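In: The sequence and its predicted three-dimensional model are supplied below.
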Amino acid sequence: MTAADPIVRLEEVRRTYRMGDTELHALAGVSLDFFPGEYIAIMGPSGCGKSTLLNLLGCLDQPSSGRYLLGGEDVSLLEDDALSQIRGARLGFIFQSYNLIQQLTVVENIEVPLFYQGVPEHKCREASIQLAEKVGLGQRLYHRPNELSGGQQQRVGIARALVNDPLVILADEPTGNLDSHSGTEILRMMDDLHAQGKTIIMVTHDPAIGKHAQRLVRLRDGVVESDERR
Amino acid sequence: MSAGNAWQSHAPVALSPARLRRIMMLGFKSLWMHRLRSGLTILGIVFGVCSVIAMLAVGEGASYEAQEQIRKLGSNNIILRSIKPINQDRPSQARQWVLEYGLTYLDLQKIRETIPGVTIVMPSRIVRDQVWNGVNRMDATIVGTVDWYPETRQLNLLQGRYFTPVEMEARSNVCVLTTKAVETLFPLSAPLGGKVRVGSDYYDVIGVIETESTGAAQSTGQGSGKAATAAPDIYIPLSAARHRFGEILVNRSSGSFEATRVELHEAYVRVDDQKDVEETALIIEEILKRDRRKTDFEIIVPLELLRQAERTKQIFNIVLGAIAAISLLVGGIGIMNIMLASVTERTREIGIRRALGARRRDIILQFLIETVILSGTGGLVGVAIGILIPVVITMFADMRTIVTPWAPILAFSISGMIGVVFGIYPALRAADMDPVQALRHE
Ligand SMILES: Nc1ncnc2c1ncn2[C@@H]1O[C@H](COP(=O)(O)OP(=O)(O)OP(=O)(O)O)[C@@H](O)[C@H]1O
Ligand SMILES: [Mg+2]
């Protein structure tokens, strides 16, 4: 794979929801190429299909038609188990509402993706602690999510998204639930990740946040309205 | 494109013991989050399991007791008893009327001569009379019998000896007391070497024997056999009994005297081969009926009683099994209910796990293990309590209980199975959730 090959390629991807008799085209033919090391912001008005697109990119959902190539592999026809495998091995998720598992500690939350990859316990622990320290939670290793602030929880979320060294990091409104101070902190972390060469795809509706990205994709009514690089 | 193809060739995550242990730890954590709820759910299984074990133990103990009593009668024995015939038309005017019925010495002689393979015929006469030792008095059941009686009835001689064939021949005035009789007649002194008085005759006490239990026999004896089935207190040689008490007994009943003439009250017939017992009993019945117009005897076959007891036990076990199954079913439904609620409540967690790479089977396993932990813990606690309850029952209610080893094993494995059976559906529900929908769940 050369640097010129896209890490993500969408070819005329459609996602249609059936609502009784009517069909709702959440995505009505989207073609996009994302390249390694890019930091992409996906923006657009509410209901334009941002989350739908991100779910497809995250292999949580499958296109109604069209092709999705992740790292050169067509994943639009894979079975459930294979998709789980890809999510766990190649993708990192950062959610708006953090989505940590309440009964697990910080360390345990971070190592969940590795657990499902069958990585032995001590290696999980090692990687998890290392990442927790990297996101500044070295003093909170054995706290539970409800003992952490929102910003701290989202940092756990970022550490968890990094633990499996993913091809692409997918973030849906990562600062949506945070105050501006913690939000800035999280965005700075994302910038750092970008600087380290990670590929990041982030959904946001805040233009100020969109500015952090180096490429801006605007959606409207399920189609790409504009796609600009800076 | 090696990186791309690696996904499919990636070996599926194997279920190693280490992995299973981690999933179990996870289960414990999740259950611990809702300790009260988990505890109550476990309680349902605990009650099911411990009641199963306790019930089986009580049932087993009761049937063992019954079988033991029957076995004491001897499974090679056939017991013949004299019973007063029903509908005795008593001439109302006759003052000197003697009711004559029951087994005779002639009957036994016939049995001995006709049936091969019958070795011991143990006749006995039973008399109720007052027995004295100085001022100590007892309304005793005196049994005139033969010298091989204890051996046939499997009774343990506790002190001294039983009477000998020579004493039988000589109609000696010797007697063997049961422990019960010793308690009444010799409250302070040693019985051996003492004498007891019956009427005007004195008998030397030569031995002490354990008191017979007649529970099983009594339950089968029909009303009229009352005198014959009271537990013996004193044994004397049959010959002596015949000689001293004669053949006619006078009873006071309902305001008038009633005289009865019974040669033998009871006889034990021992059959050499156990498989001939039932057939022999039929032949004996034929022989005895041949020259009688009315039935004045009964035949008790302990072997038959034993078989009956076993059949009863089987039915008992089926009923217990059904009750047990129902109580465990209720516990299982409780588990399923809680797990379904838990799955709904943890929809978000399921979505997160799926997003982070959990396959359907990982989710299924996780929830299944949680249910098995619930039911398994319930099973273990239930087994512990279930083994304890019979001990307590035995201590306080003086009832025999037997915990057979298979009862706890069975109860525990059923409870484990219930975990799997009732956990499967909630687990499948969890695994079939759409990850996107699950993640959106509040
Ligand atoms: N499960 C579903 N069933 C039916 N319609 C759906 C479903 N999910 C999304 N939609 C529709 O698809 C369209 C795109 O939804 P999507 O969630 O992608 O919007 P969005 O761009 O993320 O909006 P927001 O900025 O408000 O999060 C919407 O019109 C929505 O109603
Ligand atoms: Mg959205």
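Out: Alright, I've got the coordinates. Ligands and ions are numbered 1, 2, ... in the order given.
In: what about the strands in chain B?
Out: Taking DSSP state E as the criterion, chain B carries its strands at B:77-82, B:98-100, B:118-133, B:136-145, B:157-160, B:174-178, B:195-198, B:201-209, B:234-237, B:248-253, B:256-261, B:266-271, B:297-300.
In: how about the closest residue to residue B:185 other than its chain neighbours, what does it touch?
Out: Excluding the flanking residues, the one nearest residue B:185 by Cβ to Cβ, 6 or more residues apart in numbering or on different chains is residue B:133, at 4.3 Å. Where C-beta positions appear, they are placed from N, C-alpha and C, glycine not excepted. Going by Cβ atoms under 8 Å, 6 or more residues apart in numbering or on different chains, residue B:133 touches B:185, B:186, B:194, B:195, B:196, B:197.
In: most neighbours, which of the residues you listed?
Out: Ranked by neighbour count (other Cβ atoms under 10 Å in any protein chain shown), those have residue B:196 at the top, with 26 neighbours.
In: for chain A, which helix is longest?
Out: With secondary structure taken from DSSP state H, chain A has its longest helix at helix A:180-195.
In: just for the stretch 51-200 of chain B, where's the confidence low?
Out: Residue ranges of the stretch 51-200 of chain B with pLDDT under 70: B:87-97, B:120.
In: For the contacts of residue B:133, work out which two are farthest apart.
Out: The widest separation within the contacts of residue B:133, taken as Cβ to Cβ, falls between B:186 and B:197 and amounts to 13.1 Å.
In: Tell me how many other residues crowd residue A:200.
Out: Neighbour tally, residue A:200, other Cβ under 10 Å: 25.
In: mind listing the helices in chain A by residue range?
Out: Using DSSP H, the helices of chain A run over residues A:50-57, A:80-90, A:106-110, A:112-116, A:121-134, A:150-162, A:180-195, A:207-210.
In: need those helices in CSV with mean neighbour count, mean pLDDT and distance to chain B, can you?
Out: Output for the helices of chain A, formatted as CSV (neighbours: other Cβ atoms under 10 Å in any protein chain shown; pLDDT from 0 to 100; distance: least, Cβ to the nearest Cβ, whole Å):
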stretch, mean neighbour count, mean pLDDT, distance to chain B
helix A:50-57, 23, 95, 5
helix A:80-90, 21, 94, 2
helix A:106-110, 26, 96, 8
helix A:112-116, 25, 95, 4
helix A:121-134, 17, 94, 6
helix A:150-162, 24, 95, 7
helix A:180-195, 16, 94, 18
helix A:207-210, 16, 90, 21
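In: quick one: the residue lying closest to residue B:138 once chain neighbours are set aside from ligand 1, how far?
Out: Nearest non-adjacent residue to residue B:138, counting by Cβ to Cβ, 6+ apart: residue B:184, 4.5 Å away. According to Cβ to the nearest ligand atom, to the nearest Å, residue B:184 stands 91 Å off from ligand 1.
In: picking up where we left off before, centre of the chain to the longest helix of chain A, how far?
Out: Centroid separation between helix A:180-195 and its chain, computed with Cα atoms, centre = their mean, to the nearest Å, is 15 Å.
In: Then stretch B:269-276?
Out: Between the centre of stretch B:269-276 and the centre of its chain there are 24 Å (Cα atoms, centre = their mean).
In: For residue A:168, which non-adjacent residue is spatially closest?
Out: Distances taken as Cβ to Cβ, 6+ apart place residue A:199 nearest to residue A:168, at 4.8 Å, with adjacent residues excluded.
In: check contacts around the residue in chain B positioned nearest to chain A.
Out: Using Cβ to the nearest Cβ, the closest approach of chain B to chain A is made by residue B:357 at 1.8 Å. If a contact means Cβ under 8 Å, 6+ apart, then residue B:357 has A:84, A:85, A:87, A:88, A:89, A:113, A:116, A:117, A:164 as its contacts.
In: Which residues are in contact with residue 171?
Out: The chain I'm using is chain A. By Cβ under 8 Å, 6+ apart, residue A:171 lies in contact with A:93, A:94, A:95, A:161, A:190, A:200, A:201, A:202, A:203.
In: To clarify, I was referring to chain B.
Out: Residues in contact with residue B:171 (Cβ under 8 Å, 6+ apart) are B:237, B:239, B:240, B:242, B:243.
In: Go through chain B and flag its longest helix.
Out: Scanning chain B for the helix with the most residues, using DSSP H, yields helix B:302-345.
In: Distance check, the most centrally placed residue in chain A against ligand 1.
Out: Taking Cα atoms, centre = their mean, the centroid of chain A lies closest to residue A:170, which sits 1.2 Å from it. Taking Cβ to the nearest ligand atom as the measure, residue A:170 falls 13 Å from ligand 1.
In: Please apply the same query to residue B:319.
Out: Applying Cβ to the nearest ligand atom to residue B:319 and ligand 1 gives a distance of 53 Å.
In: can you count the residues close to that residue?
Out: Neighbours of residue B:319 under the rule other Cβ under 10 Å: 12.
In: So for it, what's the pLDDT?
Out: Residue B:319 is assigned 87 on the pLDDT scale.
In: Can you report phi and psi for residue B:232?
Out: Residue B:232 has phi and psi values of phi -70, psi 150 when expressed as degrees, to the nearest 10.
In: so what's the nearest residue to it once chain neighbours are set aside up against?
Out: Spatially, and ignoring its direct neighbours in sequence, residue B:232 is nearest to residue B:143 (4.2 Å; Cβ to Cβ, 6+ apart). Shown in contact with residue B:143 (Cβ under 8 Å, 6+ apart): B:124, B:125, B:126, B:127, B:232, B:234, B:235, B:236, B:241.
In: ditto for residue B:240
Out: Taking Cβ under 8 Å, 6+ apart, we find residue B:240 in contact with B:144, B:171, B:172, B:173, B:174.
In: swap the cut-off to 7 Å and go again
Out: Shown in contact with residue B:240 (Cβ atoms under 7 Å, 6 or more residues apart in numbering or on different chains): B:144, B:171, B:172, B:173.
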